[in-house]
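> Generate coordinates for the sequence data below:
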Amino acid sequence: MQAPDGPAGGAPATCYNTRMTNDDRPPDCPGDCQPPKLPLRLPPDLLRLSFEKLRPSAQGLAAWQGGLRAKLAELLALDLAALAAWPPAWQVLQRREMDGYSLSLISFQSLEGLTVPAYLLLPRTPGPWPGVLIAHGHDLGARSAAGVIESNDGQEGLGMRLARGGLAVLAPDLLSFGQRQVGPLPDPVGRRAHEVFANFAMEVGRPIAGLHLMDLMQAQAILAAWPGVDAGRLGVAGLSQGGRLACLLAALETGLRACLVASGLTSSLLVDRGNQHLHDAVPGLLAWADYPDLAGLVAPRALMLSWGLREPFPYCVETRDLVTHNYLRPIWELAGAPENLELDLHPRGHCYNPAAALDFFARHLMAGRTAAME
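Numbers count the residues shown, from 1 in each chain. Below is the predicted model:
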């Protein structure tokens with residue numbers, strides 16, 4: 001295992017799909033930002049934005065969140081009973097000292113009976129440490145997210161940076177990515193192996209997003225049980241597909257105190273445009289809610305939405321609209337914590353903003369130890 005030289009210091013790496021512009025204004029949204037008519041008859045009562053239509057009171061907020069949280073777990077086919085009964089167990093395969101932190105390659109058995117490799121980074125500073133789980137996206141997997149290899153996929157070696165900042169970090173490889181790639185699988189239309197696998201998983205009733213979340217929930221249990229980690233001060237971060245998974249995990253796991261979503265929160269407008277990855281999809285969700293509603297399940301806990309002003313996708317414009325047009329903010333206001341909904345706009349592209357990420361987790365996770373460590 002080798003730590004990268006690039007993201008650790010000096011100028012940040014160039015994001016792989018940064019759109020270069022003459023200034024730092026966000027790029028124009030494709031077309032007029034209106035969803036096209038798809039050749040599909042949508043139910044007339046399709047709910048879309050659940051919070052906007054139901055408008056729960058402050059007293060009804062918890063009930064709205066609880067009901068949608070249960071429906072989300074059902075749609076993703078999560079086996080929450082098996083997760084609750086699973087005793088955290090792992091093997092340490094390799095360990096070495098790095099500059100400012102220790103780096104271990106560990107593995108654990110998923111509830112599907114598969115081996116899950118993960119990188120654990122522990123600070124050199126005295127514990128107890130707060131912990132952050134990192135969900136990778138459509139990229140090089142946990143090695144990139146942890147900073148074990150140098151890459152240009154936007155991950156910015158975030159795990160390494162957080163560990164040097166005093167946070168314990170765990171980054172697992174999710175099914176069909178990284179060291180868990182499947183294939184090669186034959187496909188006549190040229191789809192990548194993980195796309196073919198996602199189709200197969202959906203056909204057997206196991207959405208790939210649900211399988212990824214099951215792995216992340218087991219990883220969260222391991223991080224919480226790791227000696228020296230304060231189980232009461234945990235957070236999650238993700239970029240792109242990983243940002244969507246981070247949001248889903250924080251929506252479901254109320255014990256996570258802080259969630260960073262980088263370029264990962266989308267609305268049904270993107271689904272209408274056909275821009276939705278099958279890996280991100282929650283089957284049947286739009287009959288109950290829209291994706292921003294799932295972000296509302298994080299309230300009143302801390303949520304940062306981070307976007308590059310040179311983001312090549314239309315997510316940036318739409319998510320800024322959701323925030324500025326008072327969609328997400330009333331949820332945090334009803335929950336009594338409007339200060340916990342944060343928006344970070346940085347002058348780059350589809351990548352983390354490491355300085356903002358470290359500051360966010362430092363403010364929300366590093367303030368004192370919890371009763372879990374007493």
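
> and residue 122, that's in a strand?
Yes. With DSSP: H, G, I helix; E, B strand; the rest coil as the criterion, residue 122 is located in a strand.

> Around it, count how many other residues there are.
23 (other CB atoms under 10 Å). Placement of C-beta: from N, CA and C, glycine included.

> same thing with residue 229?
Residues near residue 229, counting by other CB under 10 Å: 24.

> now swap in the one 4 residues further on and tell me
Other residues lying near residue 233 total 27 when counted by other CB under 10 Å.

> mind checking the SS state of it?
Applying three-state DSSP: residue 233 is strand.

> So it sits against residue 366, correct?
Yes. Between residue 233 and residue 366 there is a contact under CB atoms under 8 Å: 7.5 Å.

> Overlap in contacts, those two.
residue 130 (CB atoms under 8 Å, 6 or more residues apart in numbering).

> quick one, strands of the stretch 151-300 of the chain?
In the stretch 151-300 of the chain, the segments counted as strands under DSSP state E, counting those that start in this stretch are 168-172, 229-239, 258-262.

> Using a markdown table, lay out those strands together with distance to residue 350 and mean pLDDT.
Shown next, in a markdown table, are these (distance: least, CB to CB, whole Å; pLDDT from 0 to 100):
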| stretch | distance to residue 350 | mean pLDDT |
| --- | --- | --- |
| strand 168-172 | 19 | 96 |
| strand 229-239 | 8 | 97 |
| strand 258-262 | 9 | 95 |
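
> now those in JSON lines, with distance to residue 142?
Listed next are the strands of the stretch 151-300 of the chain as JSON lines, based on distance: least, CB to CB, whole Å:
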{"stretch": "strand 168-172", "distance to residue 142": "4"}
{"stretch": "strand 229-239", "distance to residue 142": "12"}
{"stretch": "strand 258-262", "distance to residue 142": "16"}
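
> Quick check: which ranges of the stretch 151-300 of the chain have low pLDDT?
Scanning the stretch 151-300 of the chain for pLDDT under 70 picks out the ranges 151-155, 176-195, 197-201, 203, 268-279.

> ranges for the helices of it?
158-164, 193-203, 208-225, 241-252, 268-272, 291-296 (DSSP state H, counting those that start in this stretch).

> Check which helices and strands the first one is in contact with.
Secondary structure elements in contact with helix 158-164, counted by 3 or more CB pairs under 8 Å, 6 or more residues apart in numbering; DSSP states H and E, are strand 101-109, strand 115-123, strand 129-135, helix 142-146, strand 168-172, helix 354-365.

> Need the residues that contact that helix.
The contact list for helix 158-164, computed with CB under 8 Å, 6+ apart, reads 3-4, 7-8, 98-101, 119, 121-123, 132, 134, 145-148, 169, 171, 237, 239, 352, 354, 357-358, 361.

> if we go to 6 Å?
Contact with helix 158-164 is made by 100-101, 121, 123, 132, 134, 145-147, 169, 171, 352, 354, as judged by CB atoms under 6 Å, 6 or more residues apart in numbering.

> Then the fourth one?
Outside of helix 241-252, the residues that reach it under the criterion CB under 6 Å, 6+ apart are 135-138, 212-213, 216, 236-238, 256, 259, 261-264, 279-280, 294-295, 297-298.

> What distance do you get for the spatially closest residue to residue 346 that is not a sequence neighbour to residue 232?
Closest residue in space to residue 346, ignoring its immediate chain neighbours: residue 353 at 4.0 Å, by CB to CB, 6 or more residues apart in numbering. Taking CB to CB, to the nearest Å as the measure, residue 353 falls 26 Å from residue 232.

> who has more neighbours, the two?
residue 353 (23 against 19).

> show me the contacts for that one.
The contact partners of residue 353, taken as CB under 6 Å, 6+ apart, are 306, 344, 346.

> Near the last one, how many residues? Count them for me, please.
The number of residues packed around residue 346, counting by other CB under 10 Å, is 19.

> got it, and the first one?
Here the neighbour count serves as a burial measure; for residue 306 (other CB under 10 Å) it reads 25.

> That one pairs with what?
Here residue 306 sits in beta bridges with residue 262, residue 344, as judged by DSSP bridges.

> That one contacts residue 264, doesn't it?
No. Contact between residue 306 and residue 264 fails when scored by CB atoms under 6 Å: they sit 8.9 Å apart.

> Of all the strands of the stretch 151-300 of the chain, which one comes closest to residue 63?
strand 258-262 (21.6 Å; CB to CB).

> circling back to that earlier point, turn the contacts of residue 353 into CSV, columns for distance to residue 246.
Shown next, in CSV, are these (distance: CB to CB, whole Å):
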residue, distance to residue 246
306, 11
344, 14
346, 18
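
> nearest residue to residue 228 other than its sequence neighbours?
Closest residue to residue 228 apart from its sequence neighbours, by CB to CB, 6+ apart: residue 127 at 3.7 Å.

> mind checking which helix or strand the one you found is in?
Counting by DSSP states H and E, there is no helix or strand that carries residue 127.

> what does residue 348 give?
Following DSSP H and E, one finds residue 348 outside all helices and strands.

> For it, give me the pLDDT.
As predicted, residue 348 sits at a pLDDT of 79.

> Hmm, it is touching residue 306, no?
No. Shown here, residue 348 and residue 306 do not form a contact pair, counting by CB under 6 Å, at 10.3 Å.

> Residue 293 against residue 50, yeah?
Yes. With contact defined as CB under 6 Å, residue 293 counts as touching residue 50 (4.5 Å).
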